[in-house]
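[1] Quick one: sequence plus predicted model below, questions after.
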Amino acid sequence: MSGFSFPILPTGHLLGIEGLEPPHINALLDLAESYALLNRQGKTQRDLLKGRTLINLFFEDSTRTRTSFELAGKRLGADIVNMSVSTSSVNKGETLLDTAATLNAMKTDLLVVRHPQSGAPSLLAQKVDAAVINAGDGTHEHPTQALLDALTIRRHKGALSDLVVAICGDVLHSRVARSNIHLLSAMGARLRVVGPPTLIPAECARLGVQVFHDMRAGLADADVVMMLRLQKERMTCGLVPSSREYFRFFGLDAAKLEVAKPDAIVMHPGPMNRGVEIDSAVADDPARSVIGEQVEMGVAVRMAVLDVLSRRLRRNA
Amino acid sequence: MRPLRITNARLLCPASGLDAPGALAVQGGRIAAIGADAAMEGADELDAGGAVLCPGLVDLRARVGEPGAEHRETIASAAQAAAAGGVTTICVPPDTDPALDDPALVEWLARRGEATRSVTLLPVAAATKGCAGLELVELGLLREAGAVAFSDGNRAIASARTMRLALSYARAFGMMVVQHPEEPSLSTGVATEGELATRLGLPGVPAAAEAIQVARDIALARLTGGQVHFAHVSTGAALALIRRAKEEGLRVTCDTAPPYFDLNETAIGGFRTYAKLSPPLRADADRLAVVAALADGTVDAVASDHAPQDADDKRLPFAQALAGGTGLATLLAVTLARVQAGDLPLMQAVALLTSRPAALLGIEAGTLRVGAPADLCLFQPDRAWQVRAGRMPGKAQNTPWDGRALEGRVIGTWKQGRRVFG
């Protein structure tokens, strides 16, 4: 796939979806689609990133995203090191930029970063030689999640434009929601966000979405229903009174899903809180739920991103 | 010290309304004569070349690094920055380490200012012990030690009861209480709530947090008859409340700082921590409201809000970076940008930096009156220069205006007749 002509990503990093143009997004999705096919056929491309070092630098616990990047890197032949840095040891004195200097000294080619602070990957990208991939920063962006969601939708719905996509739940704290809003609105989807006003960020409509506070209104005739995870802390700080109230009004169950299009698909970035934002009967309904496929597409999308961001390195080699 | 005569200057004294070409003579550290025919036998002569000669700037709020943050700024380095900015009097906020809640500390700080011989430091004492918002300090003793006002620095006095007591008690000593107007329970975020903060995924502070605090404290000023002064006011809603309170005749005053009439929230785009300030930068509509309030007199003074931070405080993810920007060296030029834009007459801009803050403090400064201390600032209003972080006077380099071209440059500063810059 190295002969593939690809529009250069604006920064040489993947820090967010905001700023990417539809040609970038389409090309990434096309490439990911081809990796998805190879993955299903059990074929690998172990020479593509041979001799390249990928570091998974995780300042926040994550099993699935880290594993997904690790698998993607391995299928392309990269040498992979997982670094889990607990934020407490960072607070003991080593700053993010000290870490950056260490990684530079280790000659890292690709750096996958997850950090609890919005903007941390951008700060790292200014200081490291490696191509930086944002694997989720605070409540800012999670670009590979949006790409894998888009790929999953595209496989089911053919195209992204004009689809009605309802993103439901804790939009305020969701980097997944932000990246999805940027991506899907750039691709011409009609976006809605649905949730209690306390969990909808200020001026959300300015991001090009329609805001709903009622699930039935928000889900009416939707092609895609994307649920977000509700963290338990949101209850203790008073943004939501209780999980049972949340489930009653904003949790997705079969009754609420009825108003969506009959062929609407249900998505969730995981891990799910069953009985809080989503009912198990919906989450496990093979006719509706594409949650397993999202995970599968995650590996393919990350392979595509690693491939694209390492092209510059391969060209220089 | 030999007498000095500055000739060929444009004399600008907002306190008296003087704006005329002429000369000014200094003897014994004080202004001895002023006007077209100001003469002085045996004086050193200085041809100002038509530059503006105004009173040395009186800054209602600048942090000087001491005590407790000497790695960021020291009194000596802040004095350098002040001199380069034409500032000859600085009010120092009390949220230092330790806080300025003890008469000995207040005296010490004022003495350290005198020792620089270039800038007067006027301590603003803590309103509550340790600036913790609980127990009132010894306001009377602190005033005797040299405190010019009371405040908890950049921590709002949260309890309405504490604020009421502070305003009431300070009245007995004719002192004002300076409030940082951000309602604390709403102000846990790091950027003004709105589209930009939403896009950046940064926890927001609603702009209304300012008006909410201001509204409460205006009611307390009405209740107590005390004098409240709001620091760095940055929103149109708060300014509207202050304007109305002034019309009502309440003892309510306020200042703002250059970032709030020169920059808006877009400066933090791309997670630029050097534009992370307290209060946070606002939407442009609020910036315009601040400009209007400068022009209509609602704002009583422009303070530098000089807040030194070092690179390690700023090269962090946005929410973890410390707030604050330097401002002493850029105070005059950024304010003059409003004059160049046609928003303010020059006289009014200079008044906001000299006579009006001096009047608020009730000090003998900010005037070119004969007999007053010869604290002077000489500047060329149209001389262009560029702000360059790393090359600014003083130690702290965390300017939010890095790279910005400005017009109006200080070419000479005098403290009590002694040249301290230029």
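    Thanks, I have the structure now.
[2] Could you check which helix or strand contains residue 133?
    Let's take chain A. When elements are defined using DSSP states H and E, A:Ile133 is found to belong to strand A:131-137.
[3] That strand and chain B, are they touching?
    Yes - under the criterion of C-beta under 8 Å from any C-beta of the partner chain, chain B is reached by strand A:131-137 at A:Asp137. Placement of C-beta: from N, CA and C, glycine included.
[4] For the stretch 101-250 of chain A, just list every one of the helices.
    For the stretch 101-250 of chain A, the helices identified by DSSP state H, counting those that start in this stretch occupy A:120-127, A:143-157, A:175-186, A:215-219, A:233-236, A:243-250, in order along the chain.
[5] should've said chain B
    Assigned by DSSP state H, chain B shows helices spanning B:75-84, B:103-116, B:139-145, B:160-171, B:195-200, B:208-224, B:236-247, B:258-262, B:284-295, B:311-314, B:331-340, B:346-353, B:355-361.
[6] Let me know which of those is the nearest to B:Gly270.
    In this view, the helices of chain B are compared for proximity to B:Gly270 by C-beta to C-beta, and helix B:195-200 is the closest at 8.7 Å.
[7] Report whether the closest one contacts chain A.
    Yes - shown here: helix B:195-200 in contact with chain A (C-beta under 8 Å from any C-beta) through B:195, B:197-200.
[8] which of those residues are buried?
    For the residues of helix B:195-200 next to chain A, burial is judged from neighbour counts taken by 16 or more other C-beta atoms under 10 Å in any protein chain shown, and it is met by B:195, B:197-200.
[9] Counting by contacts, list what the strand holding A:Ile133 packs against.
    Contact here means 3 or more C-beta pairs under 8 Å, 6 or more residues apart in numbering or on different chains; DSSP states H and E; on that basis strand A:131-137 packs against helix A:64-75, strand A:110-115, helix A:120-127, helix A:143-157, helix A:291-316.
[10] chain center to that strand, what's the gap?
    Average the C-alpha atoms of strand A:131-137, do the same for its chain, and the two points are 10 Å apart (C-alpha atoms, centre = their mean, to the nearest Å).
[11] cool, stretch B:242-262 as well?
    For stretch B:242-262, the distance between its averaged C-alpha position and the chain's averaged C-alpha position is 14 Å (C-alpha atoms, centre = their mean).
[12] Report the buried residues of it.
    Of the residues in stretch B:242-262, those buried under the neighbour-count criterion (16+ other C-beta under 10 Å) are B:242-243, B:245-246, B:250-262.
[13] quick one on the thing from earlier: which one of the helices of the stretch 101-250 of chain A lies nearest to B:Ser304?
    Between B:Ser304 and these, the tightest spacing by C-beta to C-beta is seen for helix A:120-127, at 27.8 Å.
[14] which other residues reach the closest one?
    Under the criterion C-beta atoms under 8 Å, 6 or more residues apart in numbering or on different chains, residues A:11, A:13, A:15, A:59, A:96-97, A:99-101, A:104, A:111, A:113, A:115, A:132-134, A:137-138, B:270-271, B:315-317 lie in contact with helix A:120-127.
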